[in-house]
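Asks: What follows is a predicted structure for the sequence shown.
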Amino acid sequence: MNILDKIVIDKRKEVDLKKELIPIDIFERTPYFERKTISLSKKLRTSQTGIIAEFKRKSPSKSVINNTVNIEDVAMGYEHAGACGMSVLTDEIYFGGFLDDLIIARENCSLPLLRKEFIIDEYQILEAKGFGADVILLIAAILTKAEIKQFSELAKSLNLDVLLEVHNEEELHKSIMPSLDMLGVNNRNLKTFDVSLETSKTLSTLIPNDFVKISESGISSIEAIKELKPYGYQGFLIGENFMKTNNPGASASQFIKSLL
Ligand SMILES: O=P(O)(O)OC[C@@H](O)[C@@H](O)c1c[nH]c2ccccc12
């Protein structure tokens, strides 16, 4: 069994258990639920750099990336650095993240926040809104076309932006629909962990221009961004390259400065 299948099996158990413990209507009564969300896709359309900086403590491909920095400092640092948005991993088992990270990030910066999660249930979308997210991620590899439609339409009705992630042509064809705001191409194969920027290049021409295009994963240099921009990418999701340093905010700042 590949890692993605394992993650989805564990996620199903986690969500089913949570549903028993925490009724879904609680999220609608949180202060964040009424909050006016910030659109990442709108911001990316006019951004000079398009950097979406991620908070990620560990990953199945790298185990520990950073166990010492705290999310308060990183959220403030990313905003100060001029990032366009922030991505927060909320999966605990495989990525060492927590839902509370989302709230802490929300309290410490005013960037649009992406809940980086394996979403397989509507419950997680209401939860995302209740914990201060502005954007949800939907991963085509783990969802049917009907689920992508159902989940993205629910997110839109809650004023959340939707980033749909693909890794190949088949996933892309299955996914294109008007309820998505951004199309992300993951340069990392979530089943094998192989990374190649070529994935973004080959898929770019197949993505209609009405979606903001985002290149995700394995981006570690200014050259990579310069290489990808001519293919129509306006967003660049970067995690490890910032998180592996002692001061992710400062590394993001340096990176963004040299892009301008
Ligand atoms: O750390 P990187 O290589 O810069 O990658 C960031 C981000 O793209 C990656 O964390 C990611 C992309 N899609 C995902 C889906 C689930 C979990 C994680 C991810």
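Replies: That came through fine. Note that the structure is predicted; figures quoted are calculated from it, not measured.

Asks: which residues in the stretch 1-150 of the chain form strands?
Replies: For the stretch 1-150 of the chain, the strands defined by DSSP state E, counting those that start in this stretch occupy 51-55, 58-59, 63-64, 85-89, 113-116, 135-139.

Asks: The residue lying closest to residue 62 once chain neighbours are set aside: neighbour count?
Replies: Nearest non-adjacent residue to residue 62, counting by CB to CB, 6 or more residues apart in numbering: residue 240, 6.7 Å away. In short, each C-beta sits where N, CA and C put it, glycine included. By the criterion of other CB atoms under 10 Å, residue 240 has 19 neighbours.

Asks: For residue 142, the count of nearby residues, please.
Replies: With other CB under 10 Å as criterion, residue 142 counts 18.

Asks: give the contact list for the closest residue to it other than its chain neighbours.
Replies: Closest residue to residue 142 apart from its sequence neighbours, by CB to CB, 6+ apart: residue 8 at 5.3 Å. By CB atoms under 8 Å, 6 or more residues apart in numbering, residue 8 lies in contact with 118, 120, 142.

Asks: any idea how far the ligand is from residue 8?
Replies: Counting by CB to the nearest ligand atom, to the nearest Å, the gap from residue 8 to the ligand is 11 Å.

Asks: cool, and residue 103?
Replies: Counting by CB to the nearest ligand atom, the gap from residue 103 to the ligand is 20 Å.

Asks: wait, isn't that residue in contact with residue 131?
Replies: Yes: counting by CB atoms under 8 Å, residue 131 is a contact partner of residue 103 at 5.5 Å.

Asks: Pull up the overlap in contacts between these two.
Replies: Taking CB under 8 Å, 6+ apart as the criterion, residue 103 and residue 131 both touch residue 32.

Asks: where does this protein have its least confident helix or strand?
Replies: Least confident helix or strand of the chain, by mean pLDDT, DSSP states H and E, is strand 63-64 with a mean of 91.

Asks: count of neighbours near the residue of the chain found nearest the ligand?
Replies: Nearest residue of the chain to the ligand, counting by CB to the nearest ligand atom: residue 239, 2.8 Å away. Look at residue 239: counted by other CB under 10 Å, it has 24 neighbours.

Asks: wait, it sits on residue 56?
Replies: Yes: Residue 239 lies in contact with residue 56 (CB under 8 Å); the separation is 4.5 Å.

Asks: Can you work out which residues contact both of those two?
Replies: Contacts common to residue 239 and residue 56, judged by CB under 8 Å, 6+ apart, are residue 65.

Asks: What are the contacting residues of stretch 140-157?
Replies: 4, 8, 118-120, 122, 125, 136, 138, 161-162, 164-167, 171-172, 174-175, 177, 179-180, 190-191.

Asks: what sits opposite the residue lying closest to residue 97 once chain neighbours are set aside in the beta ladder?
Replies: Among residues not flanking residue 97 along the chain, residue 89 sits closest, at 3.7 Å (CB to CB, 6+ apart). Note on residue 89: beta-bridge partners by DSSP bridges are residue 116.

Asks: Residue 89 and residue 226, how far apart?
Replies: 27 Å (CB to CB, to the nearest Å).

Asks: So between these two, which is more surrounded?
Replies: The residue with more neighbours, out of residue 89 and residue 226, is residue 89; 24 against 10, by other CB under 10 Å.

Asks: so that one makes contact with residue 116?
Replies: Yes: using CB under 8 Å, residue 89 makes contact with residue 116 at a distance of 4.6 Å.

Asks: which residues do those two both contact?
Replies: By CB under 8 Å, 6+ apart, residue 89 and residue 116 have these common neighbours: 54, 56, 95, 97.

Asks: Kindly export stretch 185-201 (C-alpha atoms) in PDB.
Replies: Provided in PDB are the C-alpha atoms of stretch 185-201 (Å, rounded to 0.1, in the frame of the first residue of the first chain):
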ATOM      1  CA  VAL A 185       0.400  21.300  -9.500                       C
ATOM      2  CA  ASN A 186       2.200  19.200  -7.000                       C
ATOM      3  CA  ASN A 187       5.800  18.600  -8.200                       C
ATOM      4  CA  ARG A 188       6.000  15.800  -5.600                       C
ATOM      5  CA  ASN A 189       4.300  12.500  -6.300                       C
ATOM      6  CA  LEU A 190       2.600  11.800  -3.000                       C
ATOM      7  CA  LYS A 191       2.800   8.100  -3.600                       C
ATOM      8  CA  THR A 192       6.600   7.800  -4.400                       C
ATOM      9  CA  PHE A 193       7.900  11.300  -3.100                       C
ATOM     10  CA  ASP A 194       9.700  11.800  -6.400                       C
ATOM     11  CA  VAL A 195      10.000  15.600  -7.100                       C
ATOM     12  CA  SER A 196      10.300  17.200 -10.500                       C
ATOM     13  CA  LEU A 197       9.500  20.700 -11.600                       C
ATOM     14  CA  GLU A 198       8.900  19.200 -15.000                       C
ATOM     15  CA  THR A 199       5.400  18.200 -13.700                       C
ATOM     16  CA  SER A 200       4.400  21.900 -13.400                       C
ATOM     17  CA  LYS A 201       5.800  22.700 -16.800                       C
END
